[in-house]
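S.K.: quick one: sequence and predicted model below, then my questions.
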Amino acid sequence: MRDDRACAAMALIPGGTFLMGSDHHYPEEAPQHPVKVGSFEMAATTVTNAEFAQFVAESGYATVAERPLDPAAYPGADSAMLVPGALVFRMTDGPVDTRDISNWWHWTPGAHWRAPEGPGSDVAGREDHPVVHVAFEDAMAYATWAGADLPTEAEWEFAARGGLDGAEFAWGDELTPDNRFLANTWQGPFPWRNFAADGFERTCPVRSYLPNGYGLFEMCGNVWEWTTDWWGTRHQADPTKPCCAPQNPRGPAVEGSFDPAQPAIRIPRKVVKGGSFLCAPSYCRRYRPAARHAQMVDTGMSHIGFRCIRRDKTTPQGENAS
């Protein structure tokens, strides 16, 4: 097991019962329902470029974005695109159809965690920013090396709330109380103009904003964070039994996580949480603890990172584990 430097400082999350999800935002967040989680420790910050560099230097690990792609996994894909790379966000020149994410997400050969904008870019000066372009496998490899794990969706959401059960955000019910920015999000019309009123156009260094009630930084905004749960379009909760809060529920089995809009591409999806610097009131209000999104396990992107947890060995992890 590595020492605590491999997963930053750990904060104790006491565990308990809370209201998971929301009935007032996106349909995939419903139904809101009581859930129990046991106590665990969570890294105060997402894994940074410097921490991931230590892992790579000591283990020799190559991320998914640095490996050749398997043509069999991408039927019909242009063979010229089946090279190591990742999806890079590029601001558009003007207003575009926001129903088509290909307007701002571009497959970029040669993009990976050390070259987040593609060939010619690097992370110099961003050592304390969250590592990005990490697929689920990469995050799990780091966590295992660090003697840790990734959180379940329920654990992540409980921790993000910081003891404010039912609050809209990790700090309360106002996005910018007293006109203060408390998370790194997008200000302006997405995806063509970011006023960066919060001081950051892309990712920000960890610990840039005040921590939540459990001492966790940037649980909303900055980068989405991997969880170990397979994606489902709604929470699996029984509204007829509000008295019976499940213990750390794990969501559906892997078979339910595939994208029905892409039946030929059999790549499962995990739940990511927290929103990112690309979330905007004009497009994506997912910078909230209840918010959730489906992410294919094989894909690195400019706005996805992760943080580690360590559980008490006696703490139940629920069913349908990954």
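M.R.: Arrived safely.
S.K.: could you use CA atoms for every contact and neighbour count after this?
M.R.: Fine.
S.K.: low pLDDT regions in the stretch 51-200 of the chain?
M.R.: Counting by pLDDT under 70, the stretch 51-200 of the chain contains no low-confidence segment.
S.K.: can you map out the strands along it?
M.R.: Under the criterion DSSP state E, counting those that start in this stretch, the stretch 51-200 of the chain contains strands at 85-89, 105-109.
S.K.: any idea which of the ones you listed is most buried?
M.R.: Comparing the strands of the stretch 51-200 of the chain by mean neighbour count (mean count of other CA atoms under 10 Å), strand 85-89 ranks first with a mean of 25.
S.K.: and for that one, what are the contacting residues?
M.R.: Contact with strand 85-89 is made by 65-67, 104-112, 116-118, 133, 299-302, as judged by CA atoms under 8 Å, 6 or more residues apart in numbering.
S.K.: ok now it, how far from the chain's centre?
M.R.: 16 Å (CA atoms, centre = their mean, to the nearest Å).
S.K.: again with stretch 55-75
M.R.: Relative to the centre of its chain, stretch 55-75 is centred 19 Å away, using CA atoms, centre = their mean.
S.K.: using PDB, write out the CA atom coordinates for that stretch.
M.R.: Written as PDB, here are the backbone C-alpha positions of stretch 55-75 (Å, rounded to 0.1, in the frame of the first residue of the first chain):
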ATOM      1  CA  PHE A  55       2.100   6.800 -10.300                       C
ATOM      2  CA  VAL A  56       3.300   6.500 -14.000                       C
ATOM      3  CA  ALA A  57       6.900   7.000 -13.100                       C
ATOM      4  CA  GLU A  58       6.800   4.300 -10.400                       C
ATOM      5  CA  SER A  59       4.600   1.800 -12.300                       C
ATOM      6  CA  GLY A  60       5.300   2.400 -16.000                       C
ATOM      7  CA  TYR A  61       1.600   2.500 -16.600                       C
ATOM      8  CA  ALA A  62       0.200   3.600 -20.000                       C
ATOM      9  CA  THR A  63      -3.300   5.100 -20.000                       C
ATOM     10  CA  VAL A  64      -6.000   4.000 -22.400                       C
ATOM     11  CA  ALA A  65      -5.600   7.200 -24.400                       C
ATOM     12  CA  GLU A  66      -2.000   6.200 -25.100                       C
ATOM     13  CA  ARG A  67      -2.800   2.700 -26.500                       C
ATOM     14  CA  PRO A  68      -4.000   1.700 -30.000                       C
ATOM     15  CA  LEU A  69      -7.700   1.100 -30.400                       C
ATOM     16  CA  ASP A  70      -9.300  -2.200 -31.200                       C
ATOM     17  CA  PRO A  71     -11.300  -1.900 -34.500                       C
ATOM     18  CA  ALA A  72     -13.700  -4.600 -33.400                       C
ATOM     19  CA  ALA A  73     -15.000  -2.400 -30.600                       C
ATOM     20  CA  TYR A  74     -15.800   0.400 -33.000                       C
ATOM     21  CA  PRO A  75     -17.700  -1.100 -36.000                       C
END
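S.K.: stretch 244-255: how far from the chain's middle?
M.R.: Taking CA atoms, centre = their mean, the mean C-alpha location of stretch 244-255 is offset from the chain mean by 19 Å.
S.K.: just the CA atoms of it, as CSV, please.
M.R.: The C-alpha trace of stretch 244-255 is given here as CSV (Å, rounded to 0.1, in the frame of the first residue of the first chain):
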residue,chain,number,x,y,z
CYS,A,244,-36.3,1.2,4.2
ALA,A,245,-33.1,3.0,3.1
PRO,A,246,-30.9,0.6,1.1
GLN,A,247,-27.2,0.3,2.2
ASN,A,248,-24.9,1.8,-0.4
PRO,A,249,-27.0,0.7,-3.5
ARG,A,250,-24.9,-0.1,-6.6
GLY,A,251,-27.3,0.6,-9.4
PRO,A,252,-28.0,-1.8,-12.3
ALA,A,253,-25.9,-4.5,-13.8
VAL,A,254,-23.5,-3.8,-16.6
GLU,A,255,-26.0,-5.0,-19.3
